[in-house]
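Visitor: The amino acid sequence is not available; the structure is as follows:
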């Protein structure tokens, strides 16, 4: 039994041009700050929601007001940080979209192959 020799040019069956993959990687790098800012904002929003729920539970348990005041101050501080994170997210989004648009304008018009291709040379193969 013989095997088909490995050919380094058989990248994804030669269906996708390597330059297109590199361009997509560049776009992903430009999108990374937006993703990080979005994750930070979502985590802060989730923390704010959880602290509000804890605060409401403490009120229902009739916890002393001095303790509740400390928790309320922490929630207010967290809201301020959340607002700053939302602004950071918006700024990162605008900058990233501008950079991605500029990158796409400079990209060659390569496109992903629309025909089915095979790594096998059907002219040589006995299959």
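Guide: Perfect, thanks for sending it. Since the model is a prediction, treat every value here as computed from it, not as a measurement. Numbers count the residues shown, from 1 in each chain.

Visitor: Rounded mean pLDDT for whichever strand or helix holds residue 40, please.
Guide: Residue 40 belongs to helix 18-60 when elements are defined using DSSP states H and E. When the per-residue pLDDT values of helix 18-60 are averaged, the result is 92.

Visitor: Please pull up the helix or strand immediately following it.
Guide: Next in line after helix 18-60, if elements are assigned by DSSP H and E, sits helix 65-106.

Visitor: That following helix packs against which elements?
Guide: The criterion is 3 or more C-beta pairs under 8 Å, 6 or more residues apart in numbering; DSSP states H and E, and the helices and strands that helix 65-106 contacts are helix 18-60. (C-beta placed from N, C-alpha, C; glycine too.)

Visitor: who's in contact with the spatially closest residue to residue 40 that is not a sequence neighbour?
Guide: Once its chain neighbours are removed from consideration, residue 40 has its nearest residue in residue 85; the separation is 5.3 Å (C-beta to C-beta, 6 or more residues apart in numbering). Counting by C-beta atoms under 8 Å, 6 or more residues apart in numbering, residue 85 touches 37, 40, 41, 44.

Visitor: What angle do helix 65-106 and the helix holding residue 40 make with each other?
Guide: Relative orientation of helix 18-60 with respect to helix 65-106: 170 degrees, computed using axes from the mean of the first three to the mean of the last three C-alpha atoms, to 10 degrees.

Visitor: Determine how far helix 18-60 lies from the middle of the whole chain.
Guide: With C-alpha atoms, centre = their mean, to the nearest Å as the basis, helix 18-60 stands 9 Å off its chain's centre.

Visitor: counting contacts, what elements does it pack onto?
Guide: Contact analysis of helix 18-60 by 3+ C-beta pairs under 8 Å, 6+ apart lists helix 65-106 as its packing neighbours.

Visitor: For this structure, which residue occupies the most central location?
Guide: When the chain is reduced to its mean C-alpha position, the nearest residue by C-alpha atoms, centre = their mean turns out to be residue 35, at 4.1 Å.

Visitor: That one and residue 101, how far apart?
Guide: To residue 101, residue 35 is 18 Å away according to C-beta to C-beta, to the nearest Å.
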